[in-house]
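Engineer: Build the 3D model from these lines:
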Amino acid sequence: MFFEKMASVIGPSYTLSFFVGGLIGLTKIPPPKSRRTYRLLINNYLNNIGKTSASFGNNVGAAIFLFLILGKSFNFIFKEELENVGESYRSAFYGALTGAIYKSTRGIRPVIFASFLGAICGSVYTLKWQKGYLQMQLNQM
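Structural biologist: Numbers count the residues shown, from 1 in each chain. Now for the predicted structure:
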């Protein structure tokens, strides 16, 4: 089930965040220094789109991979301690921990915000997974 979660979550989320980053890159206007000629303007504009989309895709993919690895390792290490805790609470905790680790070098405010956001994303992810929205469907012939 762990590898099924990885396959059905990391790839689509990376792709979706890549395209969201591309849309955000479309809104960034190049500085006046790079608008000397039409060719430089287009080149700088396309570079902004590529950098932003790759950055978004890599950041989201890494965060989701960290979430899955933390969840799997905590379930393995603290198996008896966590057996009475519900799946949604565990995922919220793993999401908060993932957010805190991911933004730990930025200061206390980003850590708190990322923890809160990670807890929300972890809870939503678990609810969607339990309802079957994120599971891969294999066609039988």
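Engineer: Would you map the helices across the chain?
Structural biologist: 2-27, 38-77, 87-102, 108-131 (DSSP state H).
Engineer: can you list those in TSV and add mean neighbour count and mean pLDDT?
Structural biologist: (C-beta placed from N, C-alpha, C; glycine too.) Shown next, in TSV, are these (neighbours: other Cβ atoms under 10 Å; pLDDT from 0 to 100):
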stretch	mean neighbour count	mean pLDDT
helix 2-27	15	84
helix 38-77	16	89
helix 87-102	20	91
helix 108-131	17	90
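Engineer: Geometric centre of the chain: which residue is closest?
Structural biologist: residue 60 (2.9 Å; Cα atoms, centre = their mean).
Engineer: contacting residues around that residue?
Structural biologist: By Cβ atoms under 8 Å, 6 or more residues apart in numbering, the contact set of residue 60 is 13-14, 17.
Engineer: With residue 67 instead?
Structural biologist: By Cβ under 8 Å, 6+ apart, the contact set of residue 67 is 94-95, 98, 118, 121-122, 125.
Engineer: any idea how far it is from residue 105?
Structural biologist: As defined by Cβ to Cβ, to the nearest Å, residue 67 lies at a distance of 18 Å from residue 105.
Engineer: and what of residue 12?
Structural biologist: 28 Å.
Engineer: Likewise for residue 114?
Structural biologist: Going from residue 114 to residue 105 by Cβ to Cβ gives 11 Å.
Engineer: before we move on, back to that, so which of the contacts of residue 60 is the closest to residue 89?
Structural biologist: The nearest member of the contacts of residue 60 to residue 89, counting by Cβ to Cβ, is residue 13 at 22.2 Å.
Engineer: Brilliant, that's me finished.
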